[in-house]
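Asker: Model the structure of this input:
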Amino acid sequence: MDIYWSQYWQQGYLTSFGDSIKANYQGVIKDCWFRFFDNLTAQDKVIDIGTGNGALIALAQAHPSLRCKFVGIDYASLKISDKSLIERENVEFFSNVNAENLAFESGEFTTAIAQFSLEYTDIEQSIKEISRVLVAGGRFQFVCHHVDSLILKPNDRLLDAALKIKEKEGVFDTLKKLVQALGQKGTPKKETTEKLRNKLNNLVSGFLDTDDDAFQNTGFPTLIRTVFSQKNIAHRQVMISEFEEKLYGQISRLTQFSEAALNKEDKENLLHFCQQAKLNIENNDIIYQEDGQILGYVFSGYKR
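Answerer: The predicted structure is shown next:
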């Protein structure tokens, strides 16, 4: 993990999917977690590994009868925007906590949960730590990304678009050069600015013809509109710098997403690490959407 995840969570997103999931998880993922939560009692103490801005804990609070203690940890710096969540007496959040080195006593928790987060860590070490902080007989459930999931496909398209935007002499470089040329003292050379403007328009058209949705989701078309609606040259430069930082953060997160998704070998390694750490797997399934498309893996069981 890196600083870009902290920057991401500071924007107030609830899940790791940005604007594509503006509320909380629904459908079969919600049902999967509610079935797990059905077996918890008020005496349980739950650690949420890689909590982000608390999506899974918020989902748990929506369960009709769940009133146990929750502790959410994340390696990033968090920004929990749901005041009703952070004000609950049964919920605590800790930023900058490494899943591979949990700052809790052995056997402190009865339950461990993780939603699209464990796979971003050093899984072998994280599972050892999860086992350490769980009591004997303690329950766990991990939902992880699947390499063939429908979630990964739009991620990869968006990553491709973002990488193309930042290519040398590509659309972003061209926009920067055009803004710089327009900001030069005196009258800019019309031939230079028109050449850059035509190049920018042609590059944008190419994106729109290839994958309009992915291109729009990078935020670059919005940047173009806002930059040229702004008269102040200095403000234009600030907008471009801010977008560039967000673009690099987006590329970093999306790359980690693709690399974290579990293939068959990764899955077998996870099962092996659980066995070594005395985490007995009872459920090892693929979660499917209603239309049959893969959403992810679910692993659940108890500590021996």
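
Asker: can you list the weak-confidence ranges in the stretch 51-200 of the chain?
Answerer: 186-188 (pLDDT under 70).

Asker: Apply 80 and report the result again.
Answerer: By pLDDT under 80, the low-scoring segments of the stretch 51-200 of the chain are 184-189.

Asker: can you pull out the helices in it?
Answerer: With helices called from DSSP state H, counting those that start in this stretch, the stretch 51-200 of the chain shows them at 55-61, 83-86, 123-133, 152-165, 171-182, 190-217.

Asker: And these: which comes nearest Leu254?
Answerer: helix 152-165 (4.0 Å; C-beta to C-beta). All C-beta atoms are positioned from the backbone trio N, CA, C, and that covers glycine.

Asker: Report the angle between the closest one and helix 190-217.
Answerer: Relative orientation of helix 152-165 versus helix 190-217 (axes from the mean of the first three to the mean of the last three C-alpha atoms, to 10 degrees): 170 degrees.

Asker: report the angle between the axes of helix 152-165 and helix 171-182?
Answerer: Orientation of helix 152-165 against helix 171-182 (the same axes, to 10 degrees) gives an angle of 40 degrees.

Asker: related to what we said a few turns ago, kindly reformat the helices of the stretch 51-200 of the chain as TSV containing distance to Glu265.
Answerer: Output for these, formatted as TSV (distance: least, C-beta to C-beta, whole Å):
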stretch	distance to Glu265
helix 55-61	27
helix 83-86	37
helix 123-133	12
helix 152-165	16
helix 171-182	36
helix 190-217	29
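
Asker: most neighbours per residue, which of those helices?
Answerer: With neighbours taken as mean count of other C-beta atoms under 10 Å, the helices of the stretch 51-200 of the chain reach their highest mean count in helix 55-61, at a mean of 23.

Asker: which helices and strands sit right next to that helix?
Answerer: Counting contacts by 3 or more C-beta pairs under 8 Å, 6 or more residues apart in numbering; DSSP states H and E, helix 55-61 is packed against helix 27-37, strand 45-49, strand 69-73, helix 83-86, strand 109-115.

Asker: try 10 Å this time
Answerer: helix 27-37, strand 45-49, strand 69-73, helix 83-86, strand 91-94, strand 109-115 (3 or more C-beta pairs under 10 Å, 6 or more residues apart in numbering; DSSP states H and E).

Asker: Contacts for the longest one, please.
Answerer: Contact with helix 27-37 is made by 21, 24-25, 44, 46, 56, 59-66, 68, 111, 113, 115-116, 139-141, 143, 283, 285, 287-290, 295-296, 298, 300, as judged by C-beta atoms under 10 Å, 6 or more residues apart in numbering.

Asker: Check stretch 183-194 too.
Answerer: Taking C-beta under 10 Å, 6+ apart as the rule, stretch 183-194 contacts 177-182, 195-197, 232-234, 236-237.

Asker: Just send these back as JSON lines, with distance to Val133 too.
Answerer: As requested, these are exported to JSON lines (distance: C-beta to C-beta, whole Å):
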{"residue": "Lys177", "distance to Val133": "53"}
{"residue": "Leu178", "distance to Val133": "54"}
{"residue": "Val179", "distance to Val133": "52"}
{"residue": "Gln180", "distance to Val133": "53"}
{"residue": "Ala181", "distance to Val133": "58"}
{"residue": "Leu182", "distance to Val133": "57"}
{"residue": "Lys195", "distance to Val133": "61"}
{"residue": "Leu196", "distance to Val133": "57"}
{"residue": "Arg197", "distance to Val133": "59"}
{"residue": "Asn232", "distance to Val133": "53"}
{"residue": "Ile233", "distance to Val133": "54"}
{"residue": "Ala234", "distance to Val133": "51"}
{"residue": "Arg236", "distance to Val133": "50"}
{"residue": "Gln237", "distance to Val133": "48"}
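
Asker: Nearest to Val97 among those residues?
Answerer: Out of those, the member with the shortest distance to Val97 (by C-beta to C-beta) is Gln237, at 37.4 Å.

Asker: Distance check, that closest one against Phe243.
Answerer: 11 Å (C-beta to C-beta, to the nearest Å).

Asker: Any chance you could list residues touching both of those two?
Answerer: Residues within reach of Gln237 and of Phe243 at once, by C-beta under 10 Å, 6+ apart, are Val227.

Asker: Among these two, which residue is more densely surrounded?
Answerer: When neighbours are counted by other C-beta atoms under 10 Å, Gln237 and Phe243 differ, and Phe243 comes out ahead with 22 against 16.
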